[in-house]
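Trainee: model the structure of this input:
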Amino acid sequence: MSLSCLSAAEPFSLYFEGSCTYADFLARLDLELTRESPACPHTAIQELLYLLDLPTEGDAKSHIESSCDYALDNQKQMPWEDVTKNYNVEQPLFDSIYYDGGGYWNEYYETEVDNRVPYVDGSSAQSLRADGSRIDNVYEAYAKEMKIEYADVMVDNFADCPLRAAMCCFTSDRQANDNNGNCAKPYDTNCVNADPADNTDLCYVDMSRSKSSPSTDGGFALYPGDNADGEGSIHCHGLAWPENPLDFESKYKGNNLFYVSMYDHLFTRGYVRNVPGAPKCGCLDRMPVVSRSDCTEVDVTELWVAKFSPADLASDDDGTPASSSFSLDLDPENGVTIQFNACRGVGRNNDLASYYHRLFNEGRASAEELAEVRQNLVGNGKCQGKIDEFVVSQGFEKI
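Mentor: The predicted structure is shown next:
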């Protein structure tokens, strides 16, 4: 006879949202017990022991935690090489070149010259909507409901980010009629060297920070002034994540990077190209020093399902009682839901430095890390001071 209050009649499933932890699981079981069997004479812990046919809470906690670990280790994900799929068509460096600011996604713009379909009026060559259609497919079919592997497996720009932050800085716009940047039709006259919407002040580029992109071991470029009096229009956008690999911002940083660098800025807005001497996208400490950056965070809902079949309800083929069965995994239909939203920061939203300040306030980043982030995102109106400091650090004296 089963002593369980929830499964005296038949096996059942228990759904819960949040992280797969013993505490979250037990809280959901307690709620289920209160709702479905308010007269139950024992606690949720005792109910769990009956369901799992285990003697102690320590055994039950270990069982739940190991089940969570197994589910997390085996969570289905999209390999990064499947995002563009160009690695599989004999272009193994496509992603690396793209993130450095090169390749046809960055360098082409739509044109009526060399028309691919010369007998169809109004058709054009090098359309971003056509050439980048894979990006839209990945966003609609995968990025919002499946974990995407982080790009560091293929792109060195994102490997071993010490601040757990990445940023893209775009210098050109290649797509018209999207309400972003000043690219306009006709492309061959109004989209050559078009600009993105400006959102930052470029201070300087230290080319020794990322040696692969400028193809040099050192050197620097200074950008005093701003906009027309400085570097022109530039648009920077980034993301950051805590050290805990199970934190949703860490776990789904591959999704966020794909969204920021490919879907939102390339496919949707048409923003491309890099600041000379720096990668287009990379770890924050390898990027140009700028005044600020926009920021995107992921809001994730994970739906977990636990399935129970107590021992006295299961039987082997010969009719003898079998051991209880238990499984725990993400729901196969609605297990992951991801939304991409402007970062909520301290005192300011959609701002990478302010978001990192929030991570610090929440104990998810250190004071030293926040201070280092502020050496890369120096604040509005502070570029000239940082340029002067950098010049002195390179052995020069300002006269």
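Trainee: all contacts plus neighbour counts: C-alpha atoms, from now on.
Mentor: Will do.
Trainee: what's the following helix or strand after the top helix by length along the chain?
Mentor: Assignment by DSSP state H gives helix 57-73 as the longest helix of the chain. Scanning forward in sequence from helix 57-73 by DSSP states H and E, the next helix or strand is strand 77-78.
Trainee: list the buried residues in the following helix or strand past that next one.
Mentor: Toward the C-terminus, strand 77-78 is succeeded by helix 81-84 as the next helix or strand (DSSP H and E). By neighbour count with 16 or more other Cα atoms under 10 Å, helix 81-84 contains the buried residues 81, 83-84.
Trainee: find the nearest non-adjacent residue to residue 178, please.
Mentor: residue 269 (6.1 Å; Cα to Cα, 6 or more residues apart in numbering).
Trainee: if I look at the one you found, how far off is residue 102?
Mentor: 17 Å (Cα to Cα, to the nearest Å).
Trainee: quick one, helices of the stretch 1-150 of the chain?
Mentor: Using DSSP state H, counting those that start in this stretch, the helices of the stretch 1-150 of the chain run over 22-36, 44-52, 57-73, 81-84, 94-100, 104-107, 128-131, 133-138.
Trainee: next, the buried residues of the third one.
Mentor: Read that as helix 57-73. Neighbour count says helix 57-73 has 60-61, 63-65, 67-68, 71 buried, by 16+ other Cα under 10 Å.
Trainee: re the thing from before, distance to residue 12 and mean pLDDT for the helices of the stretch 1-150 of the chain - can I get that in JSON lines?
Mentor: Formatted as JSON lines, these follow (distance: least, Cα to Cα, whole Å; pLDDT from 0 to 100):
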{"stretch": "helix 22-36", "distance to residue 12": "11", "mean pLDDT": "95"}
{"stretch": "helix 44-52", "distance to residue 12": "10", "mean pLDDT": "92"}
{"stretch": "helix 57-73", "distance to residue 12": "17", "mean pLDDT": "96"}
{"stretch": "helix 81-84", "distance to residue 12": "37", "mean pLDDT": "94"}
{"stretch": "helix 94-100", "distance to residue 12": "46", "mean pLDDT": "95"}
{"stretch": "helix 104-107", "distance to residue 12": "51", "mean pLDDT": "95"}
{"stretch": "helix 128-131", "distance to residue 12": "47", "mean pLDDT": "92"}
{"stretch": "helix 133-138", "distance to residue 12": "35", "mean pLDDT": "97"}
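Trainee: format those as TSV; extra columns: distance to residue 213.
Mentor: Shown next, in TSV, are the helices of the stretch 1-150 of the chain (distance: least, Cα to Cα, whole Å):
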stretch	distance to residue 213
helix 22-36	45
helix 44-52	56
helix 57-73	34
helix 81-84	20
helix 94-100	6
helix 104-107	14
helix 128-131	24
helix 133-138	23
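Trainee: out of those, flag the one nearest residue 7.
Mentor: helix 44-52 (7.8 Å; Cα to Cα).
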